[in-house]
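Novice: Using only what follows, build the 3D model:
(chains A, B, C and D)
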Protein chains: 2
Amino acid sequence: MNQPHLKARIRQTGLRATSQRVAILQVLEEAQEHLDAEGIFQRARQIDPSIGLATVYRTLSRFKEVGLVRQRYLSSDHNREYYERADKAEHYHFHCRACGQVIELETARIRQAREELSAQLGIRFTSACVCFEGYCANCAADLPPAAGDSAPACRI
Amino acid sequence: MNQPHLKARIRQTGLRATSQRVAILQVLEEAQEHLDAEGIFQRARQIDPSIGLATVYRTLSRFKEVGLVRQRYLSSDHNREYYERADKAEHYHFHCRACGQVIELETARIRQAREELSAQLGIRFTSACVCFEGYCANCAADLPPAAGDSAPACRI
DNA sequence: ATTACTGCAAAGGCTTTGCATTGTA
DNA sequence: TACAATGCAAAGCCTTTGCAGTAAT
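Specialist: Got it, this is the predicted structure:
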């Protein structure tokens, strides 16, 4: 329960390894789903009951700065921030409007787009937000052929 | 100042063509930059001084539903919603961290990604959020070779 | 004559911040 | 011993909502 490797990882970034931070990093290590600050808070307080929500926000912000976590948005509520470990391979998120699941997608096309646009326009990319929404294979099968709510075609 | 073609366009969607709605649509027609609700409000009230901010929000939401406008996010503040006319060709937004300008990018790679992922996984896409951040060609030239703030490489 | 739409002000929801205190290095 | 980090509560910010009044069809 002392989590020496997590403490070490935090110290490596120059941050102080407080029990709250270790708890938050542990939550992110173990998380199978995508968590927002509130979700991280609920789990972290089971490890360290003294933790406060403000600390979760401050820590996530700090972790993001030093590259320990990535902050993502999931369609379709862009008003809530989600967090994941930064050591995962590049991937994108798809949110199913019917069953609500989030599927992690892999494609080289986004990187390709960045590279081409860099070459064409001299742009230097530092970050990007790419998230998709629609119906997963299972849910799409249950829908009328060309319906799909108020958003029939993909309006990007 | 009666804007008959705007009124007609609104009525075609089944909505009532109020003076406030005409004003908002006119603002979006004429806008050269990317506007948020507050920005649209400020311009619309010059056309129709009686308009309220809540109406702007309600109208934009309604316009989005009927397909008159698209709602976008621009890196790096995803907490503010921007709006643009829905009759523009598919494009993506790049935000320069240095000069602040927003560049509209065109690339087929995103659509390609959608098509491939659809074919591979049976997913049906309805919408997507794609926005980039970094340094434009001009600003990149002024930066140290491989620096780039706290985000050296593109962390997607 | 309906009833969709509006303005105002209040409420909501997520995130940030001020300040005194705690605990790491 | 410094000073980074914390907890609590209050404030911020954008957006939504309730309600009574107004105006489009």
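
Novice: Pull out the buried residues from the longest strand along chain A.
Specialist: For chain A, the longest strand by residue count, based on DSSP state E, is strand A:124-135. Judged by neighbour count (16 or more other C-beta atoms under 10 Å in any protein chain shown), strand A:124-135 contains these buried residues: A:124-135. Where C-beta positions appear, they are placed from N, C-alpha and C, glycine not excepted.

Novice: tell me the angle it makes with strand B:124-135.
Specialist: Angle of strand A:124-135 versus strand B:124-135, following axes from the mean of the first three to the mean of the last three C-alpha atoms, to 10 degrees, is 170 degrees.

Novice: shaky segments in chain A?
Specialist: When residues are selected by pLDDT under 70, those of chain A lie in A:1, A:76, A:145-156.

Novice: okay, the longest strand of chain A in PDB with CA atoms only?
Specialist: Coordinates of each C-alpha in strand A:124-135 appear next as PDB, following Å, rounded to 0.1, in the frame of the first residue of the first chain:
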ATOM      1  CA  ARG A 124       3.900  22.700 -35.800                       C
ATOM      2  CA  PHE A 125       1.400  20.600 -33.900                       C
ATOM      3  CA  THR A 126       1.500  20.400 -30.100                       C
ATOM      4  CA  SER A 127      -1.800  18.800 -29.300                       C
ATOM      5  CA  ALA A 128      -5.100  17.700 -30.800                       C
ATOM      6  CA  CYS A 129      -8.500  16.800 -29.700                       C
ATOM      7  CA  VAL A 130     -10.100  14.100 -31.800                       C
ATOM      8  CA  CYS A 131     -13.300  12.300 -30.600                       C
ATOM      9  CA  PHE A 132     -16.000  10.500 -32.500                       C
ATOM     10  CA  GLU A 133     -19.600   9.800 -31.800                       C
ATOM     11  CA  GLY A 134     -22.100   7.500 -33.400                       C
ATOM     12  CA  TYR A 135     -23.400   4.000 -33.000                       C
END
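
Novice: Which secondary structure elements does that strand sit against?
Specialist: On a contact count with 3 or more C-beta pairs under 8 Å, 6 or more residues apart in numbering or on different chains; DSSP states H and E, strand A:124-135 meets strand A:69-74, strand A:92-96, helix A:109-121, strand B:124-135.

Novice: near DNA strand C at all, it?
Specialist: No. Using C-beta under 7 Å from any atom of the strand, strand A:124-135 stays clear of DNA strand C, with a minimum separation of 13.5 Å.

Novice: how far out from the middle of the chain is that strand?
Specialist: 11 Å (C-alpha atoms, centre = their mean, to the nearest Å).

Novice: Contacts only, for the nearest residue to residue A:127 once chain neighbours are set aside.
Specialist: Nearest residue to residue A:127, sequence neighbours excluded (C-beta to C-beta, 6 or more residues apart in numbering or on different chains): residue B:133, at 4.8 Å. Contacts for residue B:133 (C-beta atoms under 8 Å, 6 or more residues apart in numbering or on different chains) come out as A:125-128, B:75-76, B:94-95, B:97.

Novice: so which of those comes closest to residue B:113?
Specialist: Sorting the contacts of residue B:133 by how near they are to residue B:113, with C-beta to C-beta, puts residue A:128 at the top with 12.7 Å.

Novice: what does chain A put close to DNA strand D?
Specialist: Within chain A, the positions near DNA strand D by C-beta under 7 Å from any atom of the strand are A:15-16, A:18, A:20-21, A:48, A:50-55, A:58-59, A:62, A:79.

Novice: how about 6 Å then?
Specialist: Within chain A, the residues that sit near DNA strand D (C-beta under 6 Å from any atom of the strand) are A:15-16, A:18, A:20-21, A:50-52, A:54-55, A:58-59.

Novice: just the buried members of those residues?
Specialist: Applying 16+ other C-beta under 10 Å to the residues of chain A next to DNA strand D, the neighbour count classes A:15, A:20-21, A:51, A:55, A:59 as buried.

Novice: Closest to DNA strand D out of the residues you listed?
Specialist: Among these, residue A:55 lies closest to DNA strand D (C-beta to the nearest atom of the strand), at 2.7 Å.

Novice: ok, the closest one - contacts?
Specialist: Residues in contact with residue A:55, defined by C-beta under 8 Å, 6+ apart, are residue A:20.

Novice: does it belong to a helix or a strand, and which?
Specialist: Using DSSP states H and E, residue A:55 maps to helix A:53-66.

Novice: Noted, bye for now.
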